[in-house]
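*Asks:* Here you go, sequence then predicted model.
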Amino acid sequence: MSFTLRSVKVPPNSVSLEEARHRVFDFFRAACRSIPTIMDIYNLQDVVAPSHLRSVVAAEIRKHSSVTNPKVIDMLLFKAMEELNNITEHAKQRHHIIGQYVVGREGLLQDTGTKDQGASDFLKEFYKTNYF
Amino acid sequence: MALKAALLRHVRVPVQTLNPGLSLTLTGAKWGLPSLRWMSSHDDHLSKNEVTERVLSVVKSFPKVDPSTVTPEVHFQKDLGLDSLDNVEIVMALEEEFKLEIPDKEADKIDSTNLAIEYIYNHPMAG
């Protein structure tokens, strides 16, 4: 799997937005089809469902949905392909995958809500970030 | 060939007559039904109802979809308010559910539950 993906050459730039769009969908399909392999090599069966990983990949793509420049889309696709390659050839460890894609942006320390109930809103915001 | 058949018939007959217990096991329910081929994959294609039910359950379990709005004729983008990426995601979920690999050109055409049911029902490898 990893070597077949690696042997793919960097494609020429997309001529139009439509072509770039198609490439994004092709990448999404490739990523979805490699999810079973990924779950296998990182032992994710009891941590996450394939559908959740699919949604995470879709969410990562949707983050850049406002980009309309085909060159920028190509660059993002290149980075996405690089990331997928690294994951499928086991260049990462299990906690990378779990931290980045299973637990997600909320971070590993999830607030379960019991310990700082008495704190003011200001303090809660302050614990999260001092930029507000 | 004729000799072999005659010899086999000759050999087999005494076994059946002399040892009814053995003949019972050989021609019992497991081996005696010529219509049912064991370990053959010919007669296991899915029924239309089963395909419909499973396609609908996949669409209903999609997080952005309100399960009560899903019917067998619903269009993903017009009726359910999904975008093209969600559409691809649903098709990939269907691929996983039915253990298929739908080629990209055909996957692009699947944009409603009706088309998805039709495609999967006509696919010989759907399981």
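*Replies:* Received the coordinates, thanks. Residues are numbered from 1 along each chain as shown, chains lettered A, B, ... in the order given.
*Asks:* Report the spatially nearest residue to the residue of chain B found nearest chain A, omitting neighbours in sequence.
*Replies:* Residue of chain B nearest chain A, by Cβ to the nearest Cβ: B:M92 (4.0 Å). Backbone N, C-alpha and C define where each C-beta goes, glycine included. Excluding the flanking residues, the one nearest B:M92 by Cβ to Cβ, 6 or more residues apart in numbering or on different chains is A:C32, at 4.0 Å.
*Asks:* Can you give the distance of the helix or strand where the one you found lies from its chain's centre?
*Replies:* Using DSSP states H and E, A:C32 falls within helix A:17-33. In terms of Cα atoms, centre = their mean, to the nearest Å, the centre of helix A:17-33 is found 14 Å from the chain centre.
*Asks:* CA atoms only for the next helix or strand after that helix - export them in PDB, please.
*Replies:* Sequence order places helix A:35-41 as the next helix or strand after helix A:17-33, per DSSP H and E. The C-alpha trace of helix A:35-41 is given here as PDB (Å, rounded to 0.1, in the frame of the first residue of the first chain):
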ATOM      1  CA  ILE A  35      -8.900   3.500   6.600                       C
ATOM      2  CA  PRO A  36      -9.300  -0.300   7.200                       C
ATOM      3  CA  THR A  37      -5.500  -0.700   6.800                       C
ATOM      4  CA  ILE A  38      -4.800   2.200   9.100                       C
ATOM      5  CA  MET A  39      -7.100   0.800  11.700                       C
ATOM      6  CA  ASP A  40      -5.300  -2.500  11.400                       C
ATOM      7  CA  ILE A  41      -1.800  -1.300  11.700                       C
END
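*Asks:* Which strands and helices lie in contact with helix A:35-41?
*Replies:* helix A:50-62, helix A:70-88 (3 or more Cβ pairs under 8 Å, 6 or more residues apart in numbering or on different chains; DSSP states H and E).
*Asks:* Give me the buried positions along it.
*Replies:* A:35, A:38-39, A:41 (16 or more other Cβ atoms under 10 Å in any protein chain shown).
*Asks:* try stretch B:112-125
*Replies:* Applying a neighbour-count criterion of 16+ other Cβ under 10 Å, the buried positions in stretch B:112-125 are B:112-114, B:116-117, B:119-121, B:123.
*Asks:* So what's the residue count around A:L123?
*Replies:* By other Cβ atoms under 10 Å in any protein chain shown, 11 other residues sit near A:L123.
*Asks:* could you give the mean pLDDT of the helix or strand encompassing it?
*Replies:* Element membership for A:L123, per DSSP H and E: helix A:121-128. For helix A:121-128, mean pLDDT rounds to 77.
*Asks:* cool, stretch A:25-40 as well?
*Replies:* pLDDT averaged over stretch A:25-40 gives 94.
*Asks:* ends of that stretch, how far apart?
*Replies:* 24 Å (Cα to Cα, to the nearest Å).
*Asks:* residues making contact with stretch B:49-60?
*Replies:* Applying Cβ atoms under 8 Å, 6 or more residues apart in numbering or on different chains, the contact partners of stretch B:49-60 are B:65, B:67, B:70-72, B:74, B:76, B:80, B:90, B:93-94, B:97-98, B:113, B:116-117, B:120-121, B:126.
*Asks:* For chain A, which residues are neighbours of chain B?
*Replies:* In this structure, chain A approaches chain B at residues A:25-26, A:28-29, A:32-33, A:36, A:50-51, A:54-55, A:58, A:61-62, A:65, judged by Cβ under 8 Å from any Cβ of the partner chain.
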